[in-house]
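Any chance you can model this:
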Amino acid sequence: METRILTPNDIGEAARLLAEGKVVAFPTETVYGLGANALDPEAVEAIFKAKGRPQDNPLIVHVSDGRQVEAFVREIPPQARILMARFWPGPLTLVLKKTELIPTVVTAGLQTVAVRVPDHPVALALLEDTGFPVAAPSANLSGRPSPTRAEHVYADLKGKVPAILDGGETGWGVESTVLDCTTSPFRLLRPGGITLEDLRSLVPVDYGDSPGEDTEIPRSPGMKYQHYAPEAEVYLVTGSGSGARILELSEPYIQRGEGVGVMTWNERTHLYPTLTVLPMGPAGDLEALAHNLYHLLREADVLKLKVLFIEGVSEDHLGLAIMNRLRKAANHREIKT
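As a prediction, the model looks like this:
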């Protein structure tokens, strides 16, 4: 299969492909998504095939206007409407009780559906042109770092999808926040661009050990499986002694002549003269780190690193989402100092 690169001038062509039951990669404000008509089970199946994604991992349904959600959910709680009014369009996904209009392949057999309105002009124009809801996980091979550039999508899915709609580099760089609105109080399933503090400023929200993390059917994308991982072994190192510990752990790899990398704040790069350094940005700039996170993880593969050590960050605000992704990338190999 030839994979074509489309531009924003080709939105009509991308919409036509979706209407024909094809899959199309497209940009959102978070990461690139791999979209299909959410009302067409065969089209949705093609997403799983292209990505190599387990079918017990539910998808997020994207719409151009929050009013469209009314057609395929049973109810929208009043507190959910408050969040929709405040954060849509934007990186917030709400889990609501679905109607029969949404096929079970979209929801992994669950009676709930995850929905959002993306905040990206190309995504919104595409959704408006199609006129139907579009199911879309991240446009990468399952388990790999999410794509924030069209070139990332092409590297993973060349020959597997008919088209990639190139809208430039994405903004947020980490996926949307996922909030279960079928519980009382609402429960944060996946931290993202809309922070826990943002949500709690408007409605009560629980967060902790999420049910469904390792059960048969996760409640949300990004819960059950290893995600966001480069080919390199990844270790997350936290605490005040992280620098010394990373140098100690890297020594055997260096002696064997294997590539060793470290992700650290710009101001700490001098601590690692013998390692390949991937700068995370100015110290404490969580927005810059989130924006570059998946590109840095993919860069580890470009550099053919054997192992990548990553210094942990504060889990306040956007740091909660970043640390969630880093723990997944490291397959929960976390070293505390």
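
tell me which element the residue most central in space within the chain falls in.
Nearest to the mean C-alpha position of the chain, by Cα atoms, centre = their mean, lies residue 175 at 3.4 Å. Of the helices and strands defined by DSSP states H and E, none includes residue 175.

And it, how far from residue 190?
Distance, residue 175 to residue 190, by Cβ to Cβ, to the nearest Å: 7 Å. The C-beta positions use only the backbone N, C-alpha and C, and glycine is treated the same way.

picking that back up, and the pLDDT at the residue nearest to the centre of the chain?
Residue 175 carries a pLDDT value of 96.

do residue 55 as well
86.

What is the strand or helix carrying residue 47 packed up against?
According to DSSP H and E, residue 47 maps onto helix 41-51. With contacts taken as 3 or more Cβ pairs under 8 Å, 6 or more residues apart in numbering; DSSP states H and E, helix 41-51 sits against strand 33-37, helix 104-107.

of all those, which lies closest to residue 326?
strand 33-37 (21.7 Å; Cβ to Cβ).

How many residues are close by residue 163?
For residue 163, the count of nearby residues is 21 (other Cβ atoms under 10 Å).

Contact partners for it?
3, 4, 5, 6, 13, 14, 17, 22, 24, 25 (Cβ atoms under 8 Å, 6 or more residues apart in numbering).

Quick check on it: phi, psi?
phi -160, psi 150 (degrees, to the nearest 10).

Quick one: the helices in the chain, in order.
In the chain, the segments counted as helices under DSSP state H are 11-19, 41-51, 78-87, 104-107, 121-130, 150-157, 196-200, 242-255, 286-302, 319-329.

Give me the buried positions along the fifth one.
Neighbour-count burial for helix 121-130 flags 122, 123, 124, 125, 126, 127, 129, 130 (criterion: 16 or more other Cβ atoms under 10 Å).

Would you mind listing where this structure has pLDDT under the threshold?
209-226 (pLDDT under 70).

Domain map for it?
If you go by automatic domain parsing, the domain ranges for the chain are 4-206, 233-336.

and those, which is most packed in?
Most buried of the domains of the chain by mean neighbour count (mean count of other Cβ atoms under 10 Å) is domain 4-206; its value is a mean of 20.

first to last residue in it, what's the distance?
Domain 4-206 has an end-to-end distance of 43 Å (Cα to Cα, to the nearest Å).

ok now it, how far from the chain's centre?
Taking Cα atoms, centre = their mean, to the nearest Å, one finds the center of domain 4-206 at 10 Å from the center of the full chain.

how about residue 337, what does it touch?
So residue 337 contacts 237, 238, 239, 240, 241, 242, 244, 245 (Cβ under 8 Å, 6+ apart).

so can I have CSV of those showing distance to residue 266?
Listed next are those as CSV, based on distance: Cβ to Cβ, whole Å:
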residue, distance to residue 266
237, 17
238, 19
239, 20
240, 19
241, 20
242, 16
244, 19
245, 20
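
And the furthest pair within those residues?
Across the contacts of residue 337 (Cβ to Cβ), the longest gap, 13.1 Å, separates 238 and 244.

Relative to residue 100, how far out is residue 30?
Here residue 30 is placed at a distance of 29 Å from residue 100 (Cβ to Cβ).

same check, this time on residue 138
For residue 138, the distance to residue 100 (Cβ to Cβ) stands at 27 Å.

likewise residue 40?
Going from residue 40 to residue 100 by Cβ to Cβ gives 15 Å.

go on, residue 233?
As judged by Cβ to Cβ, residue 233 and residue 100 stand 45 Å apart.

can you put the domains of the chain in TSV and add distance to residue 227?
Listed next are the domains of the chain as TSV, based on distance: least, Cβ to Cβ, whole Å:
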stretch	distance to residue 227
domain 4-206	6
domain 233-336	4
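
With distance to residue 269 as new columns, can the helices of the chain be given to me in a markdown table?
Below are these laid out as a markdown table (distance: least, Cβ to Cβ, whole Å):
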| stretch | distance to residue 269 |
| --- | --- |
| helix 11-19 | 41 |
| helix 41-51 | 35 |
| helix 78-87 | 35 |
| helix 104-107 | 44 |
| helix 121-130 | 35 |
| helix 150-157 | 24 |
| helix 196-200 | 30 |
| helix 242-255 | 11 |
| helix 286-302 | 13 |
| helix 319-329 | 18 |
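
Residue 136 versus the closest residue to residue 64 other than its chain neighbours, what's the distance?
Of all residues beyond its chain neighbours, the one nearest residue 64 is residue 127 (3.7 Å), with distances taken as Cβ to Cβ, 6 or more residues apart in numbering. To residue 136, residue 127 is 10 Å away according to Cβ to Cβ.
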